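Chemist: Sequence first, then the predicted structure:
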Amino acid sequence: MFEMEKTLIVVYKDEMLVNQLKKLVETKDDNDNGEVVGTTDNSINIVAWNEKVWLENKKAGNIKSKVLFLGSIKGTDKLIPVIDVKYDKHGVKYGWAGNQAIVYANPKEITNREKYVEFINDLSNLPVPDIVKNPKDSKLKKVAENLPKFNVAETIRQRVKQEKVKVPEFLQKAKKAVKKEVEVVGEAGSKAVNAAEDLFRDKNIVMKQQLFYGVVNLYNNDLEQFMNL
């Protein structure tokens, strides 16, 4: 006999982020042999509230379900200090205190381009939208097309054309190409380096990527435990 669905109120600012979580929760991905993937299929009903709706209901005091905050929501600065942290990597943390859980991120903890590349490599292995993994992919493709025709650049161009190309691989090869062929690359090589810097320096993009990374890891590893507390 199936248990009734448990309600999870998800408070968000980024609608794409809550849609990602809903997709994961609503996908029937448990194995035929009974192994649970993420959360048990059909066990959670997500109710999505934006920040305004959350604050109105909080004021009314009629919240009885478990609550998950995605990112910086008004009032969560009082929750974060008391949560039991369950995950902490790449500037991404999540955890809970009682019936309230939160996924939050600090892009300043990714302090250099090498750490950013390491983070993106991990993100690239997760089922998140390509627009999140490669937010400036079109710009990088244009840079690749303008690189001079030497062997490393040709490799970059070919990999960029592949559907499964990873931005970090492109950035690393572009960077090496610039170092090895600095006299030949000239202005085009500088553009490749600048493209890498743009990705790392845009903290809004980094935070969005971090929150998607946190949401998928929460679903895969700990959401089931939180819901069953």
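Modeler: Done, it's in. Residues are numbered from 1 along each chain as shown.
Chemist: can I see the domain layout of the chain?
Modeler: 6-108+207-227, 113-202 (automatic domain parsing).
Chemist: what's the least confident stretch among the ones you listed?
Modeler: Ranked by mean pLDDT, these bottom out at domain 113-202, with a mean of 61.
Chemist: Just the endpoints, please. Distance across it?
Modeler: Taking Cα to Cα, to the nearest Å, domain 113-202 runs 12 Å from one end to the other.
Chemist: ok, now stretch 17-36?
Modeler: 23 Å.
Chemist: For it, which outside residues touch it?
Modeler: Here stretch 17-36 makes contact (Cβ atoms under 8 Å, 6 or more residues apart in numbering) with 8, 10, 12, 37-42, 44, 46, 48, 68, 70-71, 127-129, 208, 211-212, 215-216, 219, 223-224. Where C-beta positions appear, they are placed from N, C-alpha and C, glycine not excepted.
Chemist: And stretch 39-56, by the same measure?
Modeler: Residues contacting stretch 39-56 (Cβ under 8 Å, 6+ apart): 2-3, 5-13, 15, 18, 21-22, 25-26, 28-30, 57, 65, 73-75, 219, 223-224, 227.
Chemist: Filter those residues down to the buried ones and hand me the PyMOL line.
Modeler: Under the burial definition 16 or more other Cβ atoms under 10 Å, those of those that qualify are selected in PyMOL by:
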select buried, resi 8+9+10+11+12+18+21+25+30+73+219+223+224+227
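Chemist: Show me the contacts of stretch 39-56 that map onto helices.
Modeler: Glu15, Val18, Leu21, Lys22, Val25, Glu26, Asn57, Tyr219, Leu223, Glu224, Met227 (DSSP state H).
Chemist: Can you show me the helices along the chain?
Modeler: 15-26, 51-60, 113-124, 130-133, 137-146, 151-161, 167-180, 182-185, 187-201, 203-221, 223-227.
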